[in-house]
Every structure is written in structure tokens, then in C-alpha cells.
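Chemist: Using only what follows, build the 3D model:
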Amino acid sequence: MAADPGKTLDDVLLEAEEAMDKAVAFLAEELRSIRTGRASAGLVDTIKVDYYGSPTNLNQLANISIPEPRLIVIKAFDPSSLGAIEKAIQKSELGIQPQNDGKVIRIAIPPLSEERRKQLAQRVSKMAEESKVTLRNARRDANRLLDQIAKEKSVSEDDVDRAGEDVQDLLKSYETKVDDVVKKKNTEIMEI
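Modeler: A predicted model of the protein is given here:
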């Protein structure tokens with residue numbers, strides 16, 4: 001695998017940063033769907049609903065509101081889709097029974113047990129570690145490109161070494177971002 005002849009050290013750093021940024025954004029999006037003791041539109045907005053034979057995100061079919069800290073209210077744009085929405089919520093991993101009154105669907109969010117909180121915190125930690133592996137893979141890819149650039153001798157060894165240090169600093173910075181996102185989510189999970 002030869003380095004792209006037009007690739008500069010800045011290009012390598014930029015690509016690594018983009019890959020790391022995507023990994024952190026993906027983690028944050030995934031964490032939105034993990035239930036805490038509070039109601040959140042993120043719990044349900046990406047649930048896939050079978051809408052006329054096509055899997056569609058719930059947030060594209062309904063208005064999702066949080067009128068109370070432990071209540072989600074879903075008002076479908078097309079009232080005939082309420083049944084399909086209700087089924088999709090029942091099939092989801094939420095483990096919560098929706099209440100359909102024919103006009104809106106209400107989902108009461110019960111408080112989490114201590115055991116369930118610990119399980120969710122472990123799941124969040126596992127997701128964080130997977131994100132850190134993705135970050136390290138981006139560093140590895142960047143370092144490979146830097147090695148190839150060094151072999152071509154198109155830039156000085158000192159510049160390549162500095163770029164390698166920059167990649168390492170980037171990794172540390174994004175690992176800190178992952179830790180911050182996870183800490184915030186764990187705080188939400190442990191709230192009573």
C-alpha cells in the first residue's frame with residue numbers, strides 16, 4: 001500500500017482527526033438511545049417503524065415531546081400509523097409498554113432499579129472502549145501513512161516525528177472527549 005503521492009503531513013493529521021471525530025459523534029449518538037431514569041426523545045426517535053412496508057425512523061413519522069420528566073408523548077403526523085408505531089416501540093429494546101389512546105402514544109418511563117443502572121453503566125463502558133479502539137485504529141492508520149511518507153523521504157524525519165507526536169496528542173484529546181461523554185451518560189443513568 002503506497003502512500004498517495006500528493007498526501008502531506010497535514011492531510012494525514014486531518015484524516016486522522018476526521019476519523020476520530022466521527023467515532024466520538026457515533027458514540028454520542030448511540031448513547032442517546034440508552035435509557036436513563038428520565039424521558040428523552042433520543043430513546044425513541046430512531047426506532048424503526050414499518051410504515052407502508054418501509055422501515056422509517058419514528059422521528060420522521062411523529063412529533064415527540066417530553067411534557068414531564070418521566071413521560072414521552074408521541075403524536076403521529078398520520079394517525080393511521082399509531083398502531084405500527086406502538087408495535088415498533090414494543091419490539092424495541094426499551095422494555096417499556098406504550099399506551100395508545102387512538103390520538104397519541106404515551107410512554108411512562110419508570111425509575112431504573114439499582115441493578116439495571118449498573119447493567120446500563122457497564123454497557124456504556126463497553127461502548128466507550130469500542131470507541132477508543134476505533135480511535136486507536138485511526139492513529140494506527142495515520143502512523144502507517146506517516147511511515148510511508150518517511151520512506152519516500154519527501155519530508156524530513158523530524159517533521160514526520162512531530163506529526164507522529166501530533167497524532168498521539170490527537171488520540172489523547174479524543175480519548176478525553178470519549179471519557180467526558182461517558183461520564184455524563186453514567187451520571188444520567190445513576191440519577192434517581
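
Chemist: Now do the contacts for E68.
Modeler: With contacts defined as Cβ atoms under 8 Å, 6 or more residues apart in numbering, E68 is in contact with A39. Heads up, the C-betas are built off the backbone N, CA and C, glycines and all.

Chemist: in the sheet, who's paired with it?
Modeler: Under DSSP bridges, the beta-bridge partners of E68 are L71.

Chemist: For it, give me the pLDDT.
Modeler: You'll see E68 listed with a pLDDT of 88.

Chemist: Also V182?
Modeler: V182 is assigned 94 on the pLDDT scale.

Chemist: confidence score at the closest residue to it other than its chain neighbours?
Modeler: Spatially, and ignoring its direct neighbours in sequence, V182 is nearest to A128 (4.4 Å; Cβ to Cβ, 6 or more residues apart in numbering). For A128, the pLDDT comes out at 95.

Chemist: in the helix or strand hosting A128, what's buried?
Modeler: Using DSSP states H and E, A128 sits in helix 114-152. Buried residues in helix 114-152, counted by 16 or more other Cβ atoms under 10 Å: 117, 120-121, 124, 127-128, 131-132, 134-135, 138-139, 142-143, 145-146, 148-150.

Chemist: Relative to E15, how far out is the most far-flung residue of the chain relative to its centre?
Modeler: Note on the chain: the largest C-alpha distance from the chain mean falls to K153, namely 39.4 Å (Cα atoms, centre = their mean). Distance of K153 to E15, computed by Cβ to Cβ, to the nearest Å: 21 Å.

Chemist: With M127 instead?
Modeler: Taken as Cβ to Cβ, the span from M127 to E15 is 24 Å.

Chemist: cool, and E152?
Modeler: For E152, the distance to E15 (Cβ to Cβ) stands at 17 Å.

Chemist: Okay, helices next: where are they in the chain?
Modeler: All helices of the chain, identified by DSSP state H, fall at 9-32, 82-91, 114-152, 157-190.

Chemist: how about JSON lines for the ones you listed, with distance to I66 added?
Modeler: As requested, the helices of the chain are arranged in JSON lines below (distance: least, Cβ to Cβ, whole Å):
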{"stretch": "helix 9-32", "distance to I66": "13"}
{"stretch": "helix 82-91", "distance to I66": "15"}
{"stretch": "helix 114-152", "distance to I66": "19"}
{"stretch": "helix 157-190", "distance to I66": "14"}
